[in-house]
Structures are given as structure tokens and as C-alpha cells.
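> Curious how this folds, go ahead:
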Amino acid sequence: MTSTTSSASARRITSTDLIILSVVIIWGLNFTIVKFALQSLSPLTFNTLRFSMATVLLLLITRLRGESFDFRRQDILPIILLGFCGHTLYQASFINGLARTTPAVASLLMATSPLFVAIYGYVLGIERARPLVAAGILVSFLGVVLLIVGGQGDISLRSDTLLGNLLVLFAAMMWAVYTLGGKPLLTRYSPLKLNALTMVPGTLFLALISIPQISNQDWAAVTPGAWAALAYSTIFAVVVGYVLWYTGVQRIGGARTAIYSNLTPFVAAISAAVLLGDRLEPLQLIGAVVVIAGIWLTRRGRNA
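Residues are numbered from 1 along each chain as shown. Have a look, this model is predicted:
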């Protein structure tokens, strides 16, 4: 009986690993695909279109799977806040940041989200601080600084690339909020249903702040390739990716799921090099190693 239980547990862990790794591949490719789409679609127009379609798809899939849209009254505010942080603020910051920097650098900055999960967990009293956690935080922030300034000829606050990097860094902070904040609700709702519920308010807020860009969008200039990129990003990066991500959070927790995002930069860098011809500057490569080393130290500290 014990052997059977252990075997079943091993299979479950393996399936969870494969699920989250598939998200890493989807999101790693998505950086380059979105960058391509932004050549003819404005950032917030692109995001409003894909999240509007993704919200409809998630609601439809949730209904087809026989799940109701009922939720506890006390969960209304947490659902709205999760939607605002995880969809509105995260997506607005991410898409505008990506428009101003390279896919490889954006993916590396997004890889700091596990670090922010650790910081939030400590601040909220979820776990006590350990020396390795503090060391990991300091090392990772050093790496972030190298990533941000590594591609600059000078450290000018008016640089578009610098602004883009800072926006993506803020997006990583909001994704950490979404990852950690969703854990308590996943004890009452399925990953599919929770994503559907949070996307309704999140998409509404996103649409509101996108009105200026949508009204100025040159629709005739949108290429067939951009529409195809929009379809990929909607179906895979949002609908499939978000549900599978919360499936991982539900099974193994936010911290253990978030650590997988450290692999996303490698997928993004390879796809950007192949499809866009991008490359990282030497200082940025060093920053990438430092970021990952800091996050590794943080994880070691959490599990010590």
C-alpha cells in the first residue's frame, strides 16, 4: 500500500512539473510573439483585445465544464483586487514595458517574481526571515540593477529602455501578488473558475485605461501576422497559461510554482535570437546570472 501511494505521488509530482514547464515554454515564446504584434498594434489595444477574448473563452469553458459562477460574498473584494493587480496593473505594466525593451531582458526581469513572492511572504508573516533569504534578496536586486542599466550607454532616467525595464519589473511585482494572493482562494475555487472570476473585473479596468490607445489605433495597419500573434497570446499565454499556472499553485504552492519562472528567460532569449535577432549585452548576461543566483539563494533560505 505504501509503495502504491509513493508511486502515485511520484506520478502526480511529475505531471505537475510537466504542466508548469509547458507554461514556461508558452510564456517564453510569448515575449517574442507579443513584441512582433506590437509592431502594428498599440500595447494597450493589444492587451485589451486579448483579455476581452480570453475572458469570454474562460467564462464559456467554465460553464461548459459544469461549474457555476457562484462565489462567497466575503470573496468579492479579494477577487476584484486580484483581478486589478494580476490583470490590469500587471498587464498594463508588462505590455508597455515590453514595447520599450527587448523580449530577453523583459523575461529576465519577470524572473524576479519568485523573489517578490518571498518578500511578500515575509512581510505578511507567512514565514520567518532567514539569512539566506536576506542574502538572496540583496543579490537579486544587484542583478536587477545590472539588467536595467546594462543595455544603456548612460544611466538616463529619460531613456525609453530604462522606463521599459522598470515597468516590467513592476509587472513582476504584481504577478507575485497574483500568485501569492490566489492561494487562499484556490481552496474554494478551481484554477479555471478563479481565473475566470478575476479576469472579469481585471479586464474591465484594463479596457477603461486603454480607451485613448484604442481610439488612436490604425486598424488598417494591423498585419495578418499580428492577428495570428494575438490569437496565440490569447489562447495559449492567457487562457491555457493562466489556468495551468494556478493549477501548479493549487498543487504545490505559490513559491514552488514561481521558481519555475526562472526558466522562462532561457526560452525567451532563444526565441528572440532566432526570430528577432536580439542579443543580450555582456553586463546584462552577468545581471541574468546574478538574478538567478539570488533567487536560488532565496529558495534555499525558504527551504532551510
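> The lowest-mean-pLDDT helix or strand in the chain: what's the following helix or strand?
Least confident helix or strand of the chain, by mean pLDDT, DSSP states H and E, is helix 254-258 with a mean of 69. Next along the chain after helix 254-258, taking DSSP states H and E as the criterion, comes helix 264-275.
> what about the helices in this protein?
2-37, 43-64, 76-83, 90-98, 103-110, 113-123, 131-150, 160-182, 191-215, 224-232, 241-252, 254-258, 264-275, 282-303 (DSSP state H).
> CSV for the ones you listed, including mean neighbour count?
Every residue, glycine included, has its C-beta placed from N, CA and C. Output for the helices of the chain, formatted as CSV (neighbours: other Cβ atoms under 10 Å):
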stretch, mean neighbour count
helix 2-37, 16
helix 43-64, 20
helix 76-83, 17
helix 90-98, 24
helix 103-110, 28
helix 113-123, 22
helix 131-150, 20
helix 160-182, 22
helix 191-215, 20
helix 224-232, 16
helix 241-252, 22
helix 254-258, 23
helix 264-275, 20
helix 282-303, 19
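> Turn those helices into JSON lines, including distance to residue 70.
Shown next, in JSON lines, are those (distance: least, Cβ to Cβ, whole Å):
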{"stretch": "helix 2-37", "distance to residue 70": "26"}
{"stretch": "helix 43-64", "distance to residue 70": "11"}
{"stretch": "helix 76-83", "distance to residue 70": "12"}
{"stretch": "helix 90-98", "distance to residue 70": "26"}
{"stretch": "helix 103-110", "distance to residue 70": "34"}
{"stretch": "helix 113-123", "distance to residue 70": "29"}
{"stretch": "helix 131-150", "distance to residue 70": "39"}
{"stretch": "helix 160-182", "distance to residue 70": "18"}
{"stretch": "helix 191-215", "distance to residue 70": "9"}
{"stretch": "helix 224-232", "distance to residue 70": "31"}
{"stretch": "helix 241-252", "distance to residue 70": "18"}
{"stretch": "helix 254-258", "distance to residue 70": "25"}
{"stretch": "helix 264-275", "distance to residue 70": "34"}
{"stretch": "helix 282-303", "distance to residue 70": "35"}
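> Give me the pLDDT for the closest residue to residue 250 other than its chain neighbours.
Nearest in space to residue 250, with sequence neighbours left out and distances taken as Cβ to Cβ, 6 or more residues apart in numbering, is residue 186 at 4.4 Å. Per-residue confidence (pLDDT) for residue 186: 90.
> So residue 186 versus residue 180, what's the distance?
11 Å (Cβ to Cβ, to the nearest Å).
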